[in-house]
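below is the structure, and that's it, no one-letter string:
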Ligand SMILES: Nc1nc2c(c(=O)[nH]1)N[C@H]1C(S)=C(S)[C@@H](COP(=O)(O)OP(=O)(O)OC[C@H]3O[C@@H](n4cnc5c(=O)[nH]c(N)nc54)[C@H](O)[C@@H]3O)O[C@H]1N2
Ligand SMILES: Nc1nc2c(c(=O)[nH]1)N[C@H]1C(S)=C(S)[C@@H](COP(=O)(O)OP(=O)(O)OC[C@H]3O[C@@H](n4cnc5c(=O)[nH]c(N)nc54)[C@H](O)[C@@H]3O)O[C@H]1N2
Ligand SMILES: [Mo]
């Protein structure tokens, strides 16, 4: 299908006038005071605050407007003039609020006071801060620590996260899952095995040195738009961008930069992707294997004719392990298998391989399209295999570039938020704080929900997030929340998860980091780590939404002190009053990363985190970078050949949401208006099923565990997507995702390859 066939698809490029208009609309909708458009000027600046939206890098020489449509929306969302006060809860019972649309819950505004659920009146009622801390602490003291889960959603600062992990461990558990468990955990596992670090190795300066970039399963125009600046500069230098994505994403095709008058005023915008390959959902391992095969075969020919090697054999010999084994596997792989599993013709992979072989320095960017699969970790290993063939790791202009999600999700893992004890500096913490940390493995998100279904979780403490909506299998997991004795939500706004709980539930309203944080020790700053492993300081620039709101460190310190009491060697009050004391402790735990952090955190462009793979030091078991042979080419061991009518559902984001926060029901880029209950389908798949544009269908998960998973009321939209693959929105389609449908090694839910069938109007 050509682009023109989609009459209502967004006709403009990423950025551009549409983006300016969308920003103006949200500022108006949220009644964010006009002066706050000036607030945007402080966004992602060395002397300002770090955006609360995505985690893309913050340059040393920022643009005048170093923000994007998504960031501006997220800022307006936090700075809204609307408030949810105790009067609001007086008017609405929880049962009534449970009937509201998700959008309307958050749209009601910022929470202003700590609230406690009162089962007698079915209402949230105000509770003084200290009383809330004392009651939560008293209850936690009665519980088995292994039955309490501390979730972090990815936005909270390094300081808050450090405090939370220490509190949880002093309390007695490693149950510290975070949103990474549903996101880039496949990266953390896969990159660590292959190159010895669990994060990407590419910095902003690599963009200036690269010869070629790939994009696998990441939708830059929607999800990390500030990155378009670097992509556009690279394109101007003639750097090709090769994209693998099942959907023809308008946001990956063209861009117009709102900061460039020329781009805005000329109709001919610049092309982003120079090649666009519509790989089948879950077909990336096969596609990358095809490129590897072409590289290795070209190298074999060079060896036999005495030509220049195509494989960087010096790198391979000096720095890697397992090459011969991998090369044998690749040579033996059949084109039939590769073409069938990737859904791409050999010629397409040849076009990509030709560019790859020509380029001296190559970056591979990737996102949820690779990690959220049953074979998500294998996809990440394949990215490394391809890079390593030509020495594209640890050299300028090259490397793996996982584009992280939440603004500090990478940093939270860096400062000890992890359920895996081997990744936390437990011995150091034991020494530094004179306690015996728990050594047993904690629960990841999937494990926490499995345990919840088994009745083994007593309390959830959530630092942000909206787990009722974001986790798989909502229909099974939602009722399990009612059995939790205690739920505590540290949050800015009201969301669905606050309405699904057991007898004791608390809403503790926290400052957004856009707001000025005043403590006894003066105005406080915090820090975070971006997607390129650079740390940045951040301080608020506007007055808090209400004087009764507290900061995240204040709240964590309050609960920790009330729970641990005399048992704790930490002076939580002192940490609460002055966060620089927390940074001093961070620097004792990790001197290499955080020495002199108090001043270094304000370095324009951020402080680079030391990553051995950047220097070609490999912290793997063998001490070398590892070539890894894939276990299978097919994506989904649950599915093949089971049902000829099966479709693979990818659950996607629009530009009008940040995860479970829905700003509006439109998807500007994909040309969808007014509803998110939509399924994007290939016209041939529609025809096969007798479906027309706008027909309403249901989807049912194909699984044989006896559980019915179904979502109805979905409207079909023809879209340029390969046959057999369909797209729907996250979180609306989450009831279709089985909890056990996750990547084997990382437990990241396979949200991009859910096997489903169409069911119409109540029929099966
Ligand atoms: N505006 C906005 N920004 C965000 C977010 C948001 O919700 N809204 N969320 C933040 C978070 S937490 C995250 S993790 C990131 C997510 O950002 P992305 O990684 O971009 O995530 P998605 O939008 O879920 O999906 C990415 C792309 O993967 C493609 N895809 C699906 N399946 C496959 C496949 O099998 N192979 C390939 N090659 N591609 C596939 C889809 O078509 C889609 O274009 O964005 C962050 N930034
Ligand atoms: N089917 C499907 N499921 C998915 C995905 C998918 O692509 N498909 N993506 C997965 C991914 S990548 C992720 S990251 C998860 C996200 O899952 P979650 O972390 O559960 O969800 P979010 O929507 O990011 O959390 C939003 C809530 O955080 C709170 N919040 C906002 N700002 C702040 C703040 O500054 N401080 C605090 N304390 N709270 C704040 C608000 O209450 C807001 O409602 O979902 C995952 N689930
Ligand atoms: Mo994410």
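Yep, that arrived. If you're wondering where the values come from, they're calculated on a predicted model, not measured in any experiment. Numbering: from 1, shown residues only. Ligands and ions are numbered 1, 2, ... in the order given.

may I have the phi/psi pair for the nearest residue to residue 759 once chain neighbours are set aside?
Nearest residue to residue 759 in three dimensions, chain neighbours excluded: residue 698, at 4.4 Å (Cβ to Cβ, 6 or more residues apart in numbering). No exception for glycine: its C-beta is placed from N, CA and C like everyone else's. Backbone torsions of residue 698, given as degrees, to the nearest 10, read phi -110, psi 160.

you'd agree residue 698 is up against residue 756?
No: using Cβ atoms under 8 Å, residue 698 is not in contact with residue 756; the gap is 9.7 Å.

with neighbour numbers in mind, choose between the two.
Taking neighbours as other Cβ atoms under 10 Å, residue 698 and residue 756 compare with residue 756 leading, 26 against 19.

tell me the SS of that one?
Look at residue 756: counting by DSSP: H, G, I helix; E, B strand; the rest coil, its state is strand.

show the contacting residues for it.
Contacts for residue 756 (Cβ atoms under 8 Å, 6 or more residues apart in numbering) come out as 646, 647, 648, 649, 699, 700, 701, 702, 726, 736.

next, the nearest residue to the second one once chain neighbours are set aside: phi, psi?
For residue 647, the nearest residue in space outside its immediate sequence neighbours is residue 726; the separation is 5.0 Å by Cβ to Cβ, 6+ apart. Reported as degrees, to the nearest 10, the phi and psi values for residue 726 are phi -130, psi 160.

thinking again about what came up before, and the contacts of residue 756, which is closest to ligand 1?
Set against ligand 1, the nearest of the contacts of residue 756 by Cβ to the nearest ligand atom is residue 648 (8.1 Å).

beta-bridge partners for the closest one, please?
residue 725, residue 755 (DSSP bridges).

check residue 749 too.
Residue 749 has these beta-bridge partners by DSSP bridges: residue 742.

quick check: it touching residue 737?
Yes: taking contacts as Cβ under 8 Å, residue 749 lies within contact range of residue 737: 5.8 Å.

what's the longest helix in the chain?
Longest helix in the chain, counting residues (DSSP state H): helix 284-305.

spell out which parts of the stretch 401-550 of the chain neighbour ligand 3.
Within the stretch 401-550 of the chain, the positions adjacent to ligand 3 are residue 405 by Cβ under 5 Å from the ion.

where do the strands of the stretch 401-550 of the chain begin and end?
With DSSP state E, counting those that start in this stretch as the criterion, the stretch 401-550 of the chain has strands at 459-463, 486-491, 504-509, 517-519, 522-524, 526-529, 534-538.

just send these back as a markdown table, with distance to residue 210, mean neighbour count and mean pLDDT too.
Supplementary listing: the strands of the stretch 401-550 of the chain in a markdown table, determined by distance: least, Cβ to Cβ, whole Å; neighbours: other Cβ atoms under 10 Å; pLDDT from 0 to 100:
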| stretch | distance to residue 210 | mean neighbour count | mean pLDDT |
| --- | --- | --- | --- |
| strand 459-463 | 36 | 24 | 98 |
| strand 486-491 | 40 | 23 | 98 |
| strand 504-509 | 44 | 24 | 98 |
| strand 517-519 | 38 | 18 | 98 |
| strand 522-524 | 38 | 15 | 97 |
| strand 526-529 | 22 | 28 | 96 |
| strand 534-538 | 18 | 25 | 95 |
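
got CSV for the ones you listed, with distance to residue 452 too?
What follows is the strands of the stretch 401-550 of the chain, written out as CSV (distance: least, Cβ to Cβ, whole Å):
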stretch, distance to residue 452
strand 459-463, 8
strand 486-491, 11
strand 504-509, 15
strand 517-519, 33
strand 522-524, 35
strand 526-529, 30
strand 534-538, 34
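
tell me which of those strands lies nearest to ligand 2.
For those, distance to ligand 2 was read as Cβ to the nearest ligand atom. The smallest value, 3.8 Å, belongs to strand 486-491.

low-confidence stretches in the stretch 251-400 of the chain?
By pLDDT under 70, the low-scoring segments of the stretch 251-400 of the chain are 255-269.

how far away is the residue in it positioned nearest to ligand 3 from residue 244?
Relative to ligand 3, the nearest point of the stretch 251-400 of the chain is residue 368 (7.0 Å; Cβ to the ion). Residue 368 is 13 Å from residue 244, where distance means Cβ to Cβ, to the nearest Å.

same question for residue 628.
Residue 628 is 19 Å from residue 244, by Cβ to Cβ.

and the residue of the stretch 101-250 of the chain found nearest ligand 3, what pLDDT?
Closest to ligand 3 within the stretch 101-250 of the chain is residue 183: 3.3 Å, counting by Cβ to the ion. Per-residue pLDDT puts residue 183 at 97.

what's near enough to touch it?
By Cβ under 8 Å, 6+ apart, the neighbours of residue 183 are 154, 368, 371, 372, 404, 405, 406, 409, 748.

return only those of those found close to ligand 1.
When the contacts of residue 183 are checked against ligand 1 using Cβ under 6 Å from any ligand atom, the ones in range are 368, 405, 406.

dihedrals phi and psi, the second one?
Here the main-chain torsion angles of residue 405 (degrees, to the nearest 10) amount to phi -90, psi -90.

gap between the nearest residue to it once chain neighbours are set aside and ligand 1?
Spatial nearest neighbour of residue 405, excluding adjacent residues (Cβ to Cβ, 6+ apart): residue 183 at 5.2 Å. Residue 183 sits 4 Å away from ligand 1, going by Cβ to the nearest ligand atom, to the nearest Å.

quick one: residue 183 and residue 531, what's the gap?
Distance from residue 183 to residue 531, counting by Cβ to Cβ: 12 Å.
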